[in-house]
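>>> Output the structure for:
(chains A and B)
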Amino acid sequence: KAGVTQTPRYLIKTRGQQVTLSCSPISGHRSVSWYQQTPGQGLQFLFEYFSETQRNKGNFPGRFSGRQFSNSRSEMNVSTLELGDSALYLCASSSGTSGEQYFGPGTRLTVT
Amino acid sequence: GDSVTQMEGPVTLSEEAFLTINCTYTATGYPSLFWYVQYPGEGLQLLLKATKADDKGSNKGFEATYRKETTSFHLEKGSVQVSDSAVYFCALSDPSNTGNQFYFGTGTSLTVIP
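Residues are numbered from 1 along each chain as shown, chains lettered A, B, ... in the order given. From the prediction side, this is the model:
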């Protein structure tokens, strides 16, 4: 089975712009979670989607949003980018009810 | 609420030394416990897991035992190699919560020197 894929792998954006990141889960997985990883804050949970519905949400401002499509692929969007949004954004998929999450390689976002 | 507390690093060991990385947890239900490893420039990889008390997860020489009485899931390896240099994350998933949200520790950086 193919693993979790994330595109693009690297992004450079300017403050104030918006960005969309994409995640394709492992085939058959219906749950997709997003995390932000920074050296200072570690791994922080953004949100989880299951069957196109947001099931859980972390403590991030409304500039961070996401969605999931009927094929379980997910996107996250960050609007009005700030310098502090520079991070590695990780996507993880799981079968949904419980059990391990499988991570993609991440998207490295740099905001200048 | 649910949380994971992990031993702070960085940890530096000589090759063939014994490794322990401490992890304790707080959960309202009966969680599943995991160790993930992250190599430079990569995402997290599942290293091992345990789903109930007294279960021992093991993989690639690493082991961790789910201890309900001490709410711990310490990672151990008897003889580390240079290739084990990475960041290790302890995590839990609590089935009493809605969804499959994971709670991660802050990560422990391990460097193994020859």
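>>> Tell me where chain A has strands.
A:5-7, A:10-13, A:19-24, A:31-38, A:42-50, A:53-57, A:64-68, A:74-78, A:87-94, A:102-103, A:107-111 (DSSP state E).
>>> Nearest residue to A:Ser70 in space, please, no chain neighbours.
In space, A:Ser70 comes closest to A:Glu52 once its chain neighbours are excluded; the distance is 6.4 Å by CB to CB, 6 or more residues apart in numbering or on different chains. C-beta: built from backbone N, CA, C; applies to glycine.
>>> so how far does stretch B:17-26 reach from one end to the other?
By CA to CA, to the nearest Å, the extent of stretch B:17-26 from end to end equals 30 Å.
>>> Okay, buried residues for that stretch please.
B:19, B:21-25 (16 or more other CB atoms under 10 Å in any protein chain shown).
>>> Please apply the same query to stretch A:31-45.
A:31-37, A:42-43, A:45.
>>> hang on, the earlier thing: any chance of the strands of chain A in TSV, with mean pLDDT too?
Listed next are the strands of chain A as TSV, based on pLDDT from 0 to 100:
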stretch	mean pLDDT
strand A:5-7	97
strand A:10-13	97
strand A:19-24	98
strand A:31-38	95
strand A:42-50	92
strand A:53-57	91
strand A:64-68	97
strand A:74-78	98
strand A:87-94	96
strand A:102-103	94
strand A:107-111	98
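>>> need those strands in CSV with distance to B:Phe104, can you?
Output for the strands of chain A, formatted as CSV (distance: least, CB to CB, whole Å):
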stretch, distance to B:Phe104
strand A:5-7, 18
strand A:10-13, 23
strand A:19-24, 18
strand A:31-38, 8
strand A:42-50, 4
strand A:53-57, 14
strand A:64-68, 18
strand A:74-78, 18
strand A:87-94, 10
strand A:102-103, 11
strand A:107-111, 18
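>>> ok, now which ones touch residue 32?
I'll assume chain A. A:23, A:25, A:48-50, A:68, A:72, A:74, A:91-93 (CB atoms under 8 Å, 6 or more residues apart in numbering or on different chains).
>>> meant chain B actually
With CB under 8 Å, 6+ apart, B:Ser32 has these contacts: A:98-100, B:49-51, B:92-93, B:95.
>>> So what does the residue nearest to A:Ser70 look like in phi/psi?
Per-residue torsions, A:Glu52: phi 70, psi 10 (degrees, to the nearest 10).
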